[in-house]
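Engineer: Following is a predicted model, sequence given first.
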Amino acid sequence: MHQAIVIIPTYNEIENIEAIIRAVFTQEVPFDVLVVDDNSPDHTALKVKELQNEFKDRLFLEVRKEKSGLGTAYIHGFKWCLNHNYDYIFEMDADFSHNPKDLQRLLYACQHEQADVAIGSRYVKGVNVVNWPLGRVLLSYTASLYVRLITGMRIYDPTAGFICYKRNVLEAIDLDQVKFVGYAFQIEMKFKSHLNKFKLVEVPIIFTDRIRGESKLSGGIIFEAIFGVIKMKFKSLFAKG
């Protein structure tokens, strides 16, 4: 068991899961991997179980009963990682939109640059997104500006999902009180970290849209993010953390 672990939530990622796991394990810094699978109909979990025979004591799997949202998958993973005494806990997508080579850069920020939360940022140095249509880039970038305005957080990519948390950050947040399940979950976790006075550092990355598999983005997720931010900020005026 190593100090750092990468949580990869999955739902129908059979086309990507083996390649992304192998890519993480080829990094110079040793990372463990926890896959949190929402009982994928395409049998993603079976492929992970097969790979566990090859990567004993480095690859772990938690299978939930059904698809219950990105946020709850990560909360499940956070609790598992805390219980297993990891010091650095990562969020990363299964579809290679996040480059596994950047894991080491996020870890470095937490180990050597006093970051409590290291964020793989698409927007801290311009717009670094590949293979997105212009409309989606504009939606994402505008949403980021909106979140900065409402929350007061001085980060350029509050909806980013490529992150390294130090364990003390997750221990300070009441994970059972995290309410959002889609992209608003990413905002809520950063906002709670911000309210608890942790240092958030953005590390510039290049985000590449998935080549294989289907996006999980939906209208309901966007609605939650837009209106949930206002509700979250309002509640923070009365109770922090």
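Structural biologist: Noted; the coordinates are in hand.
Engineer: Now Gln52. Nearest residue, chain neighbours left out?
Structural biologist: In space, Gln52 comes closest to Leu59 once its chain neighbours are excluded; the distance is 5.1 Å by C-beta to C-beta, 6 or more residues apart in numbering. In this view, the C-beta of every residue, glycine as well, is placed from N, C-alpha and C.
Engineer: So what's the residue count around that neighbour?
Structural biologist: 19 (other C-beta atoms under 10 Å).
Engineer: Repeat that for Lys197.
Structural biologist: 9.
Engineer: Then the one 4 residues further on?
Structural biologist: Taking other C-beta under 10 Å as the neighbour definition, Val201 ends up with a count of 18.
Engineer: List the contacts of the residue nearest to Gln52.
Structural biologist: Ile21, Phe25, Asp32, Val33, Val35, Val48, Leu51, Gln52 (C-beta atoms under 8 Å, 6 or more residues apart in numbering).
Engineer: Could you give the secondary structure assignment for the first one?
Structural biologist: Put plainly, it is Ile21. Following DSSP: H, G, I helix; E, B strand; the rest coil, we place Ile21 in the helix state.
Engineer: show me the contacts for it.
Structural biologist: Ile8, Val33, Val35, Val48, Leu51, Phe55, Leu59.
Engineer: The contacts of Leu59 in helices, which ones?
Structural biologist: Ile21, Phe25, Val48, Leu51, Gln52 (DSSP state H).
Engineer: Could you export these as CSV, including pLDDT?
Structural biologist: Formatted as CSV, those follow (pLDDT from 0 to 100):
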residue, pLDDT
Ile21, 98
Phe25, 97
Val48, 98
Leu51, 98
Gln52, 98
